[in-house]
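Visitor: quick one, fold the following:
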Amino acid sequence: MKTPIPRLVLNGILATVIACATTEAQAADSLPSWNDSPAKQSIVGFVAKVTKPGSPDFVPIPERIAVFDNDGCLWSEQPMYFQAYYIFDRIKALAPGHPEWKEKEPFASVLKGDVKSALADGEHALLEMAMATHAGLTSEEFDKVIRDWLATAKHPTTGLRYNQMVYQPMLELLAYLRANGFKTFIVSGGGIDFMRVFAEETYGIPPEQVVGSSIKAKYELREGKPVIVKIAELDFIDDKEGKPVGIYQHIGRRPIFAAGNSDGDFQMLEWTTAGEGARFGMLVHHTDAEREFAYDRESHVGKLDRGLVEGPALGWTIVNMKGDWKSIYPASPE
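Guide: Numbers count the residues shown, from 1 in each chain. Okay, the predicted model is just below:
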């Protein structure tokens, strides 16, 4: 009987293979949509030191966890979150069966086209609308509704489908990290079930590596078939202080790499970079009004203030979208 190879030896062999792949990946420039600026150099330098066997900063493959916010970090979020557009479209589609919505807020404002009033109550209004439009659907029904919407709905400003408005530099970063032994996760305030529908196809991130806000669900039989049904009860909000909690509950390891774009991501980056050993925190600063949108401290969506003030002192990399990225969206004319 053959003696099994010890796990530590296997990890060492795998690390060596990954290290060789790292050198080749860097030589081929796996981040072609990034300008050769300090932001790109900081990313490449971090990856090099945590993946090099024998380096004092070497991190074993199982501990190479990278987490990313979605809205404003992996795809656009202006003038409002894309899931809000879906919810508004869903309210209009379901309105004939809910005559009470004509008088009930925030649904009445949505039906009148008054977005500002519909969102006047902020997160609470959006959650109420999400629960009303998502509840009662089975997991399969919800999946189909989202896929159909993504295939047809278009952004009011760009005219692009929403899943076309992903950031090419971030797609490259996700692939670059995975090529160097990282496991990539989405940790976002958006709905976990909403993001799981498209995350694998769009980002290469499977459903089990998505953490987000959620409403409750239950198991039941419908016409003798077992199904999971969404119900109108809030389960978890994955934002601000909730993000580190969501990581702890869903992932079980403190990440060594965290990327976001707003003050809603501050605690996630703070917790990540407070750990021992080499750590990386990154904020995408929206500075490109011509190719995307320019906003930060005064924005009603994706506000970035505290991160700009405290991030640099904490060693975080601030990515200047206008200066650091050669392109924004995949195959977009530049």
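Visitor: so this structure: which segments form each domain?
Guide: 7-78+166-324, 82-152 (automatic domain parsing).
Visitor: and the residue nearest the centre of the chain, how far from Asp239?
Guide: Against the mean C-alpha coordinate of the chain, by CA atoms, centre = their mean, the closest residue is Asn70 at 2.2 Å. As judged by CB to CB, to the nearest Å, Asn70 and Asp239 stand 12 Å apart. From N, CA and C alone the C-beta is placed, and that goes for glycine too.
Visitor: re the thing from before, show the pLDDT at the residue nearest to the centre of the chain.
Guide: Looking at Asn70, its pLDDT reads 98.
Visitor: doesn't Phe194 make contact with it?
Guide: No - the pair Asn70 / Phe194 is not scored as a contact, 9.6 Å apart, by CB atoms under 8 Å.
Visitor: joint contacts of these two?
Guide: Gly212 (CB atoms under 8 Å, 6 or more residues apart in numbering).
Visitor: helices along the stretch 101-250 of the chain, start to end?
Guide: Remark: helices assigned in the stretch 101-250 of the chain by DSSP state H, counting those that start in this stretch are 107-112, 115-118, 123-134, 139-152, 168-179, 192-203, 242-250.
Visitor: to Pro226, which of these lies closest?
Guide: For the helices of the stretch 101-250 of the chain, distance to Pro226 was read as CB to CB. The smallest value, 10.9 Å, belongs to helix 139-152.
Visitor: just to revisit the earlier point, worst mean pLDDT among the helices of the stretch 101-250 of the chain?
Guide: Among the helices of the stretch 101-250 of the chain, helix 123-134 has the lowest mean pLDDT, at a mean of 86.
Visitor: for Asn320, find the nearest of the helices of the stretch 101-250 of the chain.
Guide: It is, among those and with distance given as CB to CB, helix 168-179, at 11.6 Å.
Visitor: can you give me the offset of the closest one from its chain's centre?
Guide: Chain-centre distance of helix 168-179: 13 Å, with CA atoms, centre = their mean, to the nearest Å.
Visitor: could you do stretch 311-328 as well?
Guide: For stretch 311-328, the distance to the chain centre is 17 Å (CA atoms, centre = their mean).
Visitor: what does that stretch rub up against?
Guide: 32-35, 37-40, 42-43, 167-169, 269-270, 273, 279-288, 291-292, 294, 307-308, 334.
Visitor: buried ones from those residues, can you make that a PyMOL selection?
Guide: This is the PyMOL syntax for the buried subset of the contacts of stretch 311-328, where burial follows 16 or more other CB atoms under 10 Å:
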select buried, resi 33+34+39+40+42+43+167+168+169+269+270+273+279+280+281+282+283+284+285+286+287+288+292+307
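Visitor: residues contacting stretch 148-167, please?
Guide: Outside stretch 148-167, the residues that reach it (CB under 8 Å, 6+ apart) are 73-76, 78-79, 82, 85-86, 89-90, 197-198, 202-203, 284, 325, 328-330.
Visitor: make it 6 Å
Guide: With contacts defined as CB atoms under 6 Å, 6 or more residues apart in numbering, stretch 148-167 is touched by 75-76, 82, 86, 198, 202, 329.
Visitor: export those residues to TSV and tack on secondary structure and neighbour count?
Guide: Shown next, in TSV, are the contacts of stretch 148-167 (DSSP: H, G, I helix; E, B strand; the rest coil; neighbours: other CB atoms under 10 Å):
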residue	secondary structure	neighbour count
Trp75	strand	20
Ser76	coil	25
Phe82	helix	22
Tyr86	helix	21
Phe198	helix	20
Thr202	helix	18
Tyr329	coil	20
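Visitor: quickly name whichever of those residues is closest to Phe182.
Guide: When the contacts of stretch 148-167 are ranked by distance to Phe182 (CB to CB), Thr202 comes first, at 18.0 Å.
Visitor: ok, and the closest non-adjacent residue to the closest one?
Guide: Closest residue to Thr202 apart from its sequence neighbours, by CB to CB, 6 or more residues apart in numbering: Asn163 at 5.3 Å.
Visitor: now that neighbour: how far from Asp69?
Guide: Per CB to CB, Asn163 is found 16 Å from Asp69.
Visitor: these two: which has the busier surroundings?
Guide: Asp69 (28 against 16; other CB atoms under 10 Å).
Visitor: thought that one was touching Phe266?
Guide: No - in this structure Asp69 lies outside contact range of Phe266 using CB atoms under 6 Å: 10.7 Å.
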